[in-house]
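> Output the structure for:
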Amino acid sequence: MKSRDEILQIIKEIMQEMFEIDMDEVTLEARLYEDLDFDSIDAVDMIVRLKEMTGKAVKPQDFKNARTINDVVDAVDKLISE
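Next up, the predicted model:
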């Protein structure tokens, strides 16, 4: 089981590796689309990566309401806990 801090760290690493976003910019309050310049293709890529990370089927609808990094951490935490 991963803690929320561990999930956040993994997300930071993914954001840096896949999207060249500075890890310091990836905070719980950071808004995906406004602050991190995410788009729908980036979101799909992130969902694929999270599926690899969790080993569980990630449904795009689980992330459709995600607007911040905190929302993504919550979704991953819920997925891992199921």
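
> any idea which residue sits dead centre in this protein?
With distances taken as Cα atoms, centre = their mean, V72 lies nearest the centre of the chain, 4.4 Å away.

> Please name the residues that touch A75.
Residues near A75 by Cβ atoms under 8 Å, 6 or more residues apart in numbering: D62, F63, A66. No exception for glycine: its C-beta is placed from N, CA and C like everyone else's.

> Can you read off the backbone torsions of R31?
When read as degrees, to the nearest 10, the backbone of R31 gives phi -90, psi 130.

> Local confidence estimate at M1?
The model reports M1 with a pLDDT of 55.

> re the thing from before, so the residue nearest to the centre of the chain, which state does it fall into?
At V72 the chain is in helix, as set by DSSP: H, G, I helix; E, B strand; the rest coil.

> That one against F63, yeah?
Yes. With contact defined as Cβ atoms under 8 Å, V72 and F63 form a contacting pair (6.9 Å).
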